[in-house]
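[1] 3D model of this:
(2 chains)
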Amino acid sequence: MLKISDLKVRYGGIEAVKGISLEVPEGQIVTLIGANGAGKSTTLRTIAGLVKPAEGRIQLKGEDITGLAPDKIVTQGITLVPEGRHVFPDMTVLENLKIGAYLRKDSLEEDLKWIYDLFPRLKERSWQAAGTLSGGEQQMLAVGRALMSHPKIMMMDEPSLGLAPIVVKGIFDIIREVNRQGVTILLIEQNANMALKVADLAYVMETGHITLSGPGQELMKDEAVKKAYLGK
Amino acid sequence: MKQNKSKKGLVIALIAIAALLAVVIVLENTLKPTSMLFTVLKKGAVYSLVAVSLNLLNGFTGLFSLGQAGFMLLGAYTYAILTVPTASRDTVYYLYGGSAVNFSLPELFGGGAAGLIVGVTLGLILAGLAAAFFAWLIGLPVLRLKSDYLAIATLGFAEIIRAVFQWDKLGPVTNGANMIKSFPTFTDFNIKDAGGQVVLRLSTFFPFLVAVICIGIIVLLIHSSYGRAFKAIREDEIAAEAMGIDLARHKMLSFCISAFFSGVGGALLAMYSNQVQAKLFTSALSYELLLIVVIGGIGSVTGSCLASFLYIAASEWWLRGLDEDPFVIGNIAISAPGFFRTGLRMVVFSVIIMVVVLFFRRGIMGDKELPNLFKPRKKSKQKEAAK
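    Numbers count the residues shown, from 1 in each chain, chains lettered A, B, ... in the order given. Sure thing, here's the model as predicted:
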C-alpha cells in the first residue's frame, strides 16, 4: 500500500536517511527497528510530510505523495502518532479526539463511539484535561486521536516510550486490535522484542540504511538481530 | 443531552447580556452623565474588546504579540479619516490646506440618524479591515517567528506604524503629528429632540453594544472547530501539525482576526477620546493590554473583560483621590502635602498589580470562564456525560 523508494533526508548538511526503500503491504503490521539515531523517526516524519525529503519517492496506492503538506497527507489517509504522545495537555480528552478529526467534515458520533469502545478508559475520562492522564492513558488518547482521522495507515513512533512493561503489553494488544479492524500499521520501536512479536514484516535500520528485512518471527531468530537488539 | 445543556447555557448567556445592556441604558439615563462611572464603562468596554482580541491571539493561539497598539492606531485613523464631516475638513487639516480624502461616510449615506448609524458601522468595519490587511502583510514574514521573537517583531511594527503616521508627507491624509477630530463620537448617539435637548442617552450603550457583538463573534470563533485548532497549536505545534492542522494558515487567520477586532477597538477608542493622534498609541498601550490579559487570565474571555473594567476603574477612578491633597475617604480627610501628590496613584496602582499577580498566578480567572464558577464541579459533570 505504501511504497518508499530510495528515500534520502538531510538536516542541513547531515544525511539522516541515506537512501532507503521499504514497502508496507495493506492490512499488515510493519515495524522498523533500530538504535537511536538510525533514522527511524526521520523516516516517519518524512512520510507524514513534517520533513521534506531530499531525494526519493513516497507512494500511497501508486499515487505519489512525496513532499505534500502534512494536512494533505492526513487527508490521503496517513496519520502519525508522534513520539512522546504529544497530547494537548490543557484540552479535554473529548477535545483531543475531535482535533484528530479536524480535517473531516462528516459526523463524528460513530467514530467517537468506536474509540470509546476500543478505550473504555477514555470514555470515563472524556471531560478530564489530557495532561492529567497517566502515561498509558495518554498513549491510548494519542492512538484514539490518530484513529479519529480514519487513517488507512497509522504510523506510530515509539508507543512504548516511558511506559511500564504491563502497560506496554496493553498498548501492543491495542495495536493488534486496531490492525484487526483493518488499519495498516507502521510501527517504530526500540523495544525490538515486542515489536518483532507483533510484526508481519520487519525492517532493521542502522545509521540511515536498511540492513535487514523479513517477517518478524524470522528476524527474532536472526543471530545479528538477537545480538544487537534483543540482548541475547 | 449535551446539546440541550449547551443550548440552555446559550440562552442564559444571551439573557445576561441583554440584562447588562438594559442596565447600562437605565444607569445612563438616571445618573449624572458626568459621573466617572461612565468614563470607566465606556473605556472599559473598549479595552475589553481589544483585550479579548489580544487574548484570542495570545491566550488561545499561543502567539505572543506586542503590536496591538499598532493595529489600534490603524483602526483609529481609518475610522477618523473616513468619517470627519466634509465641512470640518478644512479646519481639521488647516496646516495642509485641506484633506486629500474629500468625503465622509455618514454623509455618503444621506446624513441624519440613518447616515450616522450606517456610516459609523461601515467606518468601524473598514477600520478593522485596514488593521487586518496590515496584519496579513506583516504576518507573512513575522509569523515564522515564535514567542519572544514574535513579540519583538510586532512591537517593532507598532513603533514603525506610529512613526509613519506622523510623517509630514502624509499630512493631507493623516494630518501629520496633529490630531484629527470632529468625527462622530459616542455622544452623537444620544437621541435629541428638535430643541437639541437629550431625550435618551445612548453614549455608553453604543460602545457596549459594539463590544458585545464583537466579543460574541470571537467567542463563537473560539468554540468552533477553528478555535479548537487554535488551542491545539497553542498546546503542541508538532502534534497539531501531525493532526493535519495547517500551522501557517491558522496562525495567520488568528493574527488577522485579532488585528481586525483591535482595529475596531482602536476606532472606538478614538470615538471615546474625541480625537486621534498617533503619539497616543505607544507601546505602553500594548503593555497595558497585555497586563489586562495576564491579570484576567490567559485564555479566559470573561477574565479579560473583568480585568479591563477593574483596571480602568482602578487607574481612572478609584485611586484618583490619591493624587490630591488632602486625601479623602468617606468623612475623613488626611492631609500630607508631600505624600499625596500627582503620581502617587500610579505608585499604589503598580503595587496593587504586583500583589494581584503574586496571589493570582494564573490571573483572576485562570483559563476558566465566568459561567464555569456557577457550574457544579467536574465530578458530577463527568457522571452526566457518562450516562
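
[2] residues contacting the residue of chain A found nearest chain B?
    Residue nearest to chain B within chain A (Cβ to the nearest Cβ): residue A:74, separated by 3.1 Å. No exception for glycine: its C-beta is placed from N, CA and C like everyone else's. Going by Cβ atoms under 8 Å, 6 or more residues apart in numbering or on different chains, residue A:74 touches A:103, A:149, A:151, B:242-244.

[3] check whether stretch B:249-264 contacts chain A.
    No: residues of stretch B:249-264 contacting chain A under Cβ under 8 Å from any Cβ of the partner chain: none, with a closest distance of 8.7 Å.

[4] just for the chain, where's the confidence low?
    You didn't pick a chain, so chain A it is. A:232 (pLDDT under 70).

[5] think we crossed wires, I meant chain B
    B:1-6, B:373-387.

[6] and if we set it to 50?
    Applying pLDDT under 50 to chain B flags residues B:1-2, B:378-387.

[7] dump the residue contacts of residue B:212.
    B:17, B:20-21.

[8] The helix ranked longest in chain A: how far from the chain's middle?
    Longest helix in chain A, counting residues (DSSP state H): helix A:165-180. The chain centroid and the centroid of helix A:165-180 are separated by 13 Å under Cα atoms, centre = their mean, to the nearest Å.

[9] Next: stretch A:109-129.
    Worked out by Cα atoms, centre = their mean, stretch A:109-129 lies 20 Å from the chain centre.

[10] Without its sequence neighbours, what residue ends up closest to the residue of chain A closest to chain B?
    residue B:244 (3.1 Å; Cβ to Cβ, 6 or more residues apart in numbering or on different chains).

[11] didn't the one you found look like it was pressed against residue A:68?
    No: in this structure residue B:244 lies outside contact range of residue A:68 using Cβ atoms under 8 Å: 11.1 Å.

[12] re earlier: so which helix or strand takes in the residue of chain A closest to chain B?
    helix A:70-76 (DSSP states H and E).

[13] mind listing what the residue positioned nearest the centre of chain A touches?
    In chain A, the centroid-proximal residue (Cα atoms, centre = their mean) is residue A:156; its distance is 1.5 Å. Contacts for residue A:156 (Cβ under 8 Å, 6+ apart) come out as A:80-81, A:143, A:175, A:185-188.

[14] Wait, residue B:181 touches residue B:271, no?
    No: using Cβ under 8 Å as the test, residue B:181 is too far from residue B:271 to be in contact (11.1 Å).

[15] So for these two, which residue has more residues nearby?
    Taking other Cβ atoms under 10 Å in any protein chain shown, residue B:181 and residue B:271 do not tie; residue B:271 has more neighbours (30 against 18).

[16] got the end-to-end distance for stretch B:292-309?
    9 Å (Cα to Cα, to the nearest Å).

[17] Residues contacting that stretch, please?
    A:90, B:40-41, B:44-45, B:47-48, B:51-52, B:54-55, B:58-60, B:215, B:218-219, B:222, B:310-311, B:353, B:356-357, B:360, B:362-371.

[18] For residue B:179, give its distance to chain A.
    44 Å (Cβ to the nearest Cβ, to the nearest Å).

[19] Contact partners for that residue?
    B:275-277.

[20] Who does residue A:33 form a beta bridge with?
    Residue A:33 has these beta-bridge partners by DSSP bridges: residue A:189, residue A:204.

[21] can you count the residues close to residue 118?
    Let's take chain A. Using other Cβ under 10 Å: residue A:118 sits among 18 other residues.

[22] Not quite, go with chain B.
    For residue B:118, using other Cβ under 10 Å, the count is 15.

[23] How about the residues of chain A by chain B?
    Counting by Cβ under 8 Å from any Cβ, chain A sits next to chain B at A:48, A:50, A:69-71, A:73-75, A:79-80, A:82, A:86-91, A:95, A:98-100, A:102-103, A:123-128, A:145-146, A:149.

[24] same thing but 7 Å
    A:48, A:50, A:69-71, A:74-75, A:80, A:82, A:86, A:88-91, A:95, A:98-100, A:102-103, A:123-124, A:126-127, A:145, A:149 (Cβ under 7 Å from any Cβ of the partner chain).

[25] Sort out for me which of the residues you listed are in helices.
    A:70-71, A:74-75, A:95, A:98-100, A:123-124, A:145.

[26] Using neighbour counts, trim those residues to the buried set.
    Buried by 16 or more other Cβ atoms under 10 Å in any protein chain shown: A:70-71, A:74, A:95, A:98-100, A:123, A:145, out of these.

[27] any chance of the residues you listed in CSV, with distance to residue B:96 too?
    Formatted as CSV, these follow (distance: Cβ to Cβ, whole Å):
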residue, distance to residue B:96
A:70, 52
A:71, 50
A:74, 55
A:95, 54
A:98, 55
A:99, 53
A:100, 58
A:123, 68
A:145, 59
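
[28] OK, contacts around the residue nearest the centre of chain B?
    With distances taken as Cα atoms, centre = their mean, residue B:50 lies nearest the centre of chain B, 2.5 Å away. Contact partners of residue B:50, counting by Cβ atoms under 7 Å, 6 or more residues apart in numbering or on different chains, are B:68, B:72, B:262, B:265, B:289.

[29] If we use 10 Å, what do you get?
    B:68-69, B:71-72, B:75, B:211, B:214, B:258, B:261-266, B:268-269, B:285-286, B:288-289, B:292-293, B:304, B:308 (Cβ atoms under 10 Å, 6 or more residues apart in numbering or on different chains).

[30] Please apply the same query to residue B:234.
    A:88, A:90-91, B:58-63, B:240, B:254, B:298-299.

[31] cool, residue B:165 as well?
    Residues in contact with residue B:165 (Cβ under 10 Å, 6+ apart) are B:70, B:73-74, B:76-77, B:173-177, B:276-279, B:281.

[32] Keep the residues you listed, but drop any that are not near chain A.
    Among those, none lies close to chain A by the criterion of Cβ under 10 Å from any Cβ of the partner chain.

[33] Are any of the residues you listed buried, and if so which?
    B:70, B:73-74, B:76-77, B:173-176, B:276-278, B:281.

[34] which of the contacts of stretch B:292-309 count as buried?
    Buried members of those, counted by 16+ other Cβ under 10 Å: B:40-41, B:44-45, B:47-48, B:51-52, B:54-55, B:58-60, B:215, B:218-219, B:222, B:310-311, B:353, B:356, B:360, B:363-369.
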